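Undergrad: sequence and computational prediction follow.
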Amino acid sequence: MTRRELVTTYAPPYRALVRAAIEATPILVRLAHRPAIVLERIARGGGATGWYHCPDAAALEHVVARLSPGSVVSFYFNERIGMFRDAPALRERVAEVLARAGECVVAATTDERYVLAAEFACHVSELNEQLALHPVPPWFAGPFPARDNDGADAITLTLPDADGVVRPHPH
């Protein structure tokens, strides 16, 4: 099942639960100063993820509308997943990450606002496919990020289920 098949836009009552969970963290304070890459690990999704570019608090509302109940959501405010507007710089970053980690997340903007199409490259040549599908910058690249939660460069939280209860799920 693809991410697109899993995506549902959730109703305002659930969005209010997500918004309250986010407001209990320093995410809004951090978004006032820095953009974030958001990684959603979908509960019971068999490894499915959602990727978003959240440049500010206004964009957060669009991201919140797409987040799934029970997901683990990480906001990364540092350059671990960097933004690139220049293909040669992107290629250099992908080669650097591949040399160090063996795999690199490469993401591009889509027609859906703030949603990123993310793929994993194991060789620089695979970047050409991603660029052919998404030729217009910006692009994003970096190692697959951990569930860090230092309160500054990364903030991770588990979203409540639709009934408002936070439960452990496989992600």
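TA: Yep, it's here. Keep in mind that this is a model prediction, so the values were computed, not measured.
Undergrad: can you give me the helices for the protein?
TA: Secondary structure of the chain by DSSP state H: the helices cover 3-6, 12-23, 27-31, 57-64, 87-101, 125-133.
Undergrad: nearest to Gly151, out of those helices?
TA: Nearest to Gly151 among the helices of the chain is helix 27-31 (8.6 Å), distances taken as C-beta to C-beta. C-beta: built from backbone N, CA, C; applies to glycine.
Undergrad: gap between that closest one and the chain center?
TA: Offset of helix 27-31 from its chain centre (C-alpha atoms, centre = their mean, to the nearest Å): 15 Å.
Undergrad: now do stretch 117-124
TA: On the basis of C-alpha atoms, centre = their mean, stretch 117-124 is displaced by 15 Å from the centre of the chain it belongs to.
Undergrad: need the helices of the chain in JSON lines (columns: distance to Gly142).
TA: As requested, these are arranged in JSON lines below (distance: least, C-beta to C-beta, whole Å):
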{"stretch": "helix 3-6", "distance to Gly142": "19"}
{"stretch": "helix 12-23", "distance to Gly142": "23"}
{"stretch": "helix 27-31", "distance to Gly142": "18"}
{"stretch": "helix 57-64", "distance to Gly142": "19"}
{"stretch": "helix 87-101", "distance to Gly142": "6"}
{"stretch": "helix 125-133", "distance to Gly142": "13"}
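Undergrad: to Leu159, which of those lies closest?
TA: Distances from Leu159 to each of the helices of the chain were compared using C-beta to C-beta; the shortest belongs to helix 12-23, at 5.8 Å.
Undergrad: packing partners for that closest one?
TA: Judged by 3 or more C-beta pairs under 8 Å, 6 or more residues apart in numbering; DSSP states H and E, the packing partners of helix 12-23 are helix 57-64.
Undergrad: lowest-confidence helix or strand of the chain?
TA: helix 3-6 (a mean of 46; mean pLDDT, DSSP states H and E).
Undergrad: still on that earlier bit, and the helices of the chain as a markdown table, adding mean neighbour count and distance to Val165?
TA: Compiled in a markdown table, the helices of the chain are given as follows (neighbours: other C-beta atoms under 10 Å; distance: least, C-beta to C-beta, whole Å):
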| stretch | mean neighbour count | distance to Val165 |
| --- | --- | --- |
| helix 3-6 | 12 | 21 |
| helix 12-23 | 16 | 10 |
| helix 27-31 | 17 | 21 |
| helix 57-64 | 17 | 18 |
| helix 87-101 | 16 | 36 |
| helix 125-133 | 14 | 38 |
